[in-house]
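**Q** Return a 3D structure for these sequence lines:
(one chain, ligands or ions: 2)
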Amino acid sequence: MLTRTNLFSVRRVVVKVGTSTITHSTGKLNLLRIEKLARELSDLANQGKQIILVTSGAVGAGMDRLGLKEKPKTIPEKQAAAAVGQGILMHIYEKMFGEYGQIVAQVLLTRADSDNRRQYTNSRNALTTLLSQGVIPIINENDAVAVDELRIGENDTLSAIVAGIIDADLLVILSDVDGVYTANPQTCPTAELISEITDITPETEALAGGPGTARGTGGMYTKIQAAKIAVNSGITMVVASGVRDGVVRDIIGGAAIGTFFVSKENRLQIRKRWLAFGAPVNGAVTVDSGCEQAILTCGSSLLAAGVIKVEGDFEHGNTVRIVNLAGREIARGITNYNSEDVLKIMGTHTQEISDILGYKPYDEVVHRDNMVLLV
Ligand SMILES: Nc1ncnc2c1ncn2[C@@H]1O[C@H](COP(=O)(O)OP(=O)(O)O)[C@@H](O)[C@H]1O
Ligand SMILES: N[C@@H](CCC(=O)OP(=O)(O)O)C(=O)O
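**A** Numbers count the residues shown, from 1 in each chain. Ligands and ions are numbered 1, 2, ... in the order given. You can find the predicted model right below:
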């Protein structure tokens with residue numbers, strides 16, 4: 001299992017950098033910081049590490065070039081700014097990485113690239129081929145075309161999905177803050193840095209606030225959501241300051257900087273990882289405590305008898321959250337019944353299903369093989 005002191009052994013590392021790190025407060029690109037990042041990542045690649053950079057900043061760079069003083073409000077304006085800015089961003093990266101002899105490639109993803117299992121596999125193949133050729137893929141969301149259901153909306157989650165797609169060992173999220181604090185340090189000066197998080201509880205999620213500047217998008221909240229995806233996929237994650245020179249090198253070297261999220265030991269197989277974090281979620285079922293125990297400790301499937309509440313409108317084959325009485329999501333899985341049917345059969349025994357529905361294609365609402373535990 002990875003700890004701070006054996007991070008030197010990591011091979012595949014995803015680094016995410018936020019707009020607040022690569023731009024000045026004027027909104028213009030922070031060229032010195034981008035240059036240092038390119039130098040550091042190129043050097044890690046020279047050491048034999050496989051590096052993937054997930055970068056924000058397209059909207060910011062586009063706003064600057066178009067002379068926009070305020071963040072675009074409408075989606076088409078955001079798309080236009082991103083389309084202008086993505087080229088600028090890539091041009092700078094290409095130039096800076098090129099200085100150090102490093103080849104880079106632009107990869108723009110949308111939600112569909114992880115929602116759809118075939119596209120998930122295609123993205124994986126493309127990225128792993130680039131890595132095997134010594135190229136650093138530079139990834140952003142395809143903001144110019146991604147609207148509504150096609151959008152992930154922010155790059156913290158995107159970076160965790162990418163880390164899952166390519167089976168990374170480590171995800172480093174660089175921001176304008178030293179890590180996760182006990183409260184937003186911008187509004188709470190007594191807040192303290194949390195060095196390590198072993199379990200992401202609802203309390204941990206409650207610590208995290210929104211973005212620190214008008215340039216940032218998700219704030220700490222989306223970084224914690226990303227950590228949930230990463231650690232449950234068996235990937236270690238660190239949130240640290242992108243302002244610090246050599247930050248990624250130092251983290252890999254074992255320095256106690258930033259907030260270290262301990263990963264769950266069991267690495268999810270690729271199919272289960274897609275199921276848990278790639279597939280869209282269409283609803284939720286709440287289970288009683290007996291059912292929760294059976295799922296978490298006995299390796300049981302989800303049976304109708306344990307379901308006490310159904311939320312959302314889902315079809316057979318959709319992915320649903322399995323939630324405990326405290327409202328915590330304990331698992332995710334593919335449902336064998338649609339929401340209407342689950343409403344009718346919840347709380348009943350398996351033998352009663354055919355009497356109630358007139359048919360019983362499956363004994364389980366969610367079979368264990370199609371379920372991923374999240375706690
Ligand atoms: N508990 C917390 N710990 C640290 N930062 C927090 C917390 N809650 C909210 N934040 C805010 O999150 C900001 C970082 O997120 P964001 O502005 O989206 O930056 P980025 O562009 O790097 O994604 C910090 O500057 C801080 O103001
Ligand atoms: N895809 C967007 C970035 C969205 C985003 O998550 O921004 P940030 O909070 O700065 O990491 C862009 O390139 O502007």
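
**Q** Would you mind splitting this protein into its domains for me?
**A** Per automatic domain parsing, the domain ranges recorded for the chain read 4-272, 280-373.

**Q** Output those domains in JSON lines; the columns should cover mean pLDDT and mean neighbour count.
**A** Any C-beta I mention is one placed from the backbone N, CA and C, and that applies to glycine too. Putting the domains of the chain into JSON lines (pLDDT from 0 to 100; neighbours: other Cβ atoms under 10 Å) gives the following:
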{"stretch": "domain 4-272", "mean pLDDT": "92", "mean neighbour count": "19"}
{"stretch": "domain 280-373", "mean pLDDT": "94", "mean neighbour count": "17"}
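
**Q** Kindly reformat those domains as JSON lines containing distance to ligand 1.
**A** As requested, those are exported to JSON lines (distance: least, Cβ to the nearest ligand atom, whole Å):
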{"stretch": "domain 4-272", "distance to ligand 1": "2"}
{"stretch": "domain 280-373", "distance to ligand 1": "20"}
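
**Q** and of those domains, who's closest to ligand 2?
**A** domain 4-272 (3.2 Å; Cβ to the nearest ligand atom).

**Q** Quick check: end-to-end length of that closest one?
**A** 27 Å (Cα to Cα, to the nearest Å).

**Q** ok, it near ligand 2 or not?
**A** Yes. Domain 4-272 reaches ligand 2 (Cβ under 6 Å from any ligand atom) through 18-20, 56-60, 82, 140-141, 143, 154-155, 216-218.

**Q** Could you pull out the helices in the stretch 151-300 of the chain for me?
**A** 155-165, 202-207, 219-232, 247-252, 270-273, 289-298 (DSSP state H, counting those that start in this stretch).

**Q** before we move on, back to that, filter the residues of domain 4-272 next to ligand 2 down to the ones in strands?
**A** 140-141 (DSSP state E).

**Q** quick revisit: between the helices of the stretch 151-300 of the chain, which one is nearest to Ser132?
**A** helix 155-165 (15.0 Å; Cβ to Cβ).

**Q** Could you point out the longest helix of the chain?
**A** helix 75-99 (DSSP state H).

**Q** Give the other helices and strands that that helix contacts.
**A** helix 31-46, strand 50-55, helix 58-66, strand 104-109, strand 136-141 (3 or more Cβ pairs under 8 Å, 6 or more residues apart in numbering; DSSP states H and E).

**Q** would TSV of these with distance to Val281 be doable?
**A** Putting the helices and strands packed on helix 75-99 into TSV (distance: least, Cβ to Cβ, whole Å) gives the following:
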stretch	distance to Val281
helix 31-46	33
strand 50-55	22
helix 58-66	26
strand 104-109	19
strand 136-141	19
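
**Q** didn't Gly117 look like it was pressed against Arg273?
**A** I think there's a mix-up here, since residue 117 is Arg and not Gly. No. Using Cβ atoms under 8 Å, Arg117 is not in contact with Arg273; the gap is 11.0 Å.

**Q** what sits against Val231?
**A** 200, 237, 261-264 (Cβ atoms under 8 Å, 6 or more residues apart in numbering).

**Q** cool, Ser354 as well?
**A** Lys360.

**Q** can you check Ala331 too?
**A** By Cβ under 8 Å, 6+ apart, the neighbours of Ala331 are 295, 302, 321-322, 366, 371-375.

**Q** Now for the residues you listed: which two are most distant?
**A** Spatially, the most separated pair among these is Val366 and Val375, at 15.7 Å (Cβ to Cβ).

**Q** Tell me which residues are up against stretch 361-375.
**A** 228, 232, 268, 272-273, 275-276, 285, 295-296, 299-304, 307, 320, 322, 328-337, 342, 345, 350, 353.

**Q** how about a cut-off of 6 Å?
**A** With Cβ atoms under 6 Å, 6 or more residues apart in numbering as the test, stretch 361-375 has contacts from 232, 272, 275-276, 301-304, 329-337, 350.
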